[in-house]
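Visitor: Here's a sequence, model it:
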Amino acid sequence: MSQPERPEHPEDFDPERRRGLAMALAAFNLAMDEVVTESQYFQGRREDPERVAYLGDIIERAAARQRERERAAPS
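Guide: The predicted structure is shown next:
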């Protein structure tokens, strides 16, 4: 069996980056689960605005960290 290809960028192995990405992806999935479709709304389901805001903050912070990493990366 062949070895999987290693990413070209060593920062892909950064544990802090991986942890942040995992948290952002989990928050995104949970946020999508919170979205109420029209049919669910008429069945009585409602979104929890505080939870949506909390999850959105996690996603926003992850995006800000990524933008900062991209700005700091040598071109």
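
Visitor: Figure out the helix or strand that the residue nearest in space to the middle of the chain lives in.
Guide: With distances taken as CA atoms, centre = their mean, the chain has residue 24 as the residue nearest its mean C-alpha position (2.3 Å). Using DSSP states H and E, residue 24 maps to helix 15-34.

Visitor: next helix or strand past that helix?
Guide: Per DSSP H and E, the first helix or strand lying C-terminal to helix 15-34 is helix 38-42.

Visitor: CA atoms only: put that following helix into CSV for me.
Guide: Provided in CSV are the C-alpha atoms of helix 38-42 (Å, rounded to 0.1, in the frame of the first residue of the first chain):
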residue,chain,number,x,y,z
GLU,A,38,-40.0,27.0,6.0
SER,A,39,-41.8,23.7,6.4
GLN,A,40,-40.2,23.2,9.9
TYR,A,41,-41.1,26.7,10.9
PHE,A,42,-44.8,26.0,10.1
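
Visitor: what's next to the next helix or strand after it, contact-wise?
Guide: Using DSSP H and E, the helix or strand that follows helix 38-42 towards the C-terminus is helix 49-72. For helix 49-72, the surrounding residues in contact (CB atoms under 8 Å, 6 or more residues apart in numbering) are 11, 17, 20, 21, 23, 24, 27, 28, 30, 31, 34. To be clear about C-beta, it is placed using only N, CA and C from the backbone, and glycine gets the same treatment.

Visitor: repeat that with 7 Å
Guide: 20, 23, 24, 27, 28, 30, 31, 34 (CB atoms under 7 Å, 6 or more residues apart in numbering).

Visitor: Mind putting the residues you listed into JSON lines with pLDDT and distance to residue 66?
Guide: Below are the contacts of helix 49-72 laid out as JSON lines (pLDDT from 0 to 100; distance: CB to CB, whole Å):
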{"residue": "20", "pLDDT": "84", "distance to residue 66": "8"}
{"residue": "23", "pLDDT": "89", "distance to residue 66": "12"}
{"residue": "24", "pLDDT": "91", "distance to residue 66": "9"}
{"residue": "27", "pLDDT": "93", "distance to residue 66": "14"}
{"residue": "28", "pLDDT": "93", "distance to residue 66": "13"}
{"residue": "30", "pLDDT": "94", "distance to residue 66": "19"}
{"residue": "31", "pLDDT": "93", "distance to residue 66": "17"}
{"residue": "34", "pLDDT": "92", "distance to residue 66": "23"}
